[in-house]
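Q: pasting the structure only:
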């Protein structure tokens, strides 16, 4: 069962692990990103970053979409993405994402800062708009104690 979906370009780190995982009683974190999903070293690093008892898997986006069409997710699962483009690809391929938490897409060259924690490329902005058009509820919130900001207010 997918309990929580989040974009965080840092992937598994202290904030994610301690707050969101506990809050949603997560048993498994699934990272959806083509580059990471095809990189054994990155997968090992992510597994080591997770707390004991939390299973970590990483898949290319389309591969995961194919898997969940045939196999039911039984663990309480958190989907973790690095960009809105990966989320859009997942949704378009049938991955059930209704609510999306945006935790961090950091500023770097070629990105526009739209809030403290969120910077986007033109393509990522467009992907967010398409996700909103598809009816996703998208909020920007680094940690549970922060106020939720509706993405429509900043994008």
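A: Sure, I can see it. Owing to the predicted nature of the structure, the values given are computational and were not obtained by experimental measurement.
Q: list the buried ones in the biggest helix by length in the chain?
A: If you go by DSSP state H, the chain has its longest helix at helix 122-133. Residues of helix 122-133 classed as buried: 124, 127-128, 130-132 (neighbour count, 16 or more other CB atoms under 10 Å). Heads up, the C-betas are built off the backbone N, CA and C, glycines and all.
Q: Contacts for that helix, please.
A: 83-85, 87-88, 91, 100, 105, 111-112, 114, 120, 138, 151-152, 155 (CB atoms under 8 Å, 6 or more residues apart in numbering).
Q: related to what we said a few turns ago, could you identify the pair within the buried residues of helix 122-133 that is furthest apart?
A: 124 and 132 (12.8 Å; CB to CB).
Q: hang on, the earlier thing: weed out the non-buried ones from the contacts of helix 122-133.
A: 83-85, 87-88, 91, 100, 105, 111, 114, 120, 138, 151, 155.
Q: what are the bridge partners for residue 32, then?
A: residue 59 (DSSP bridges).
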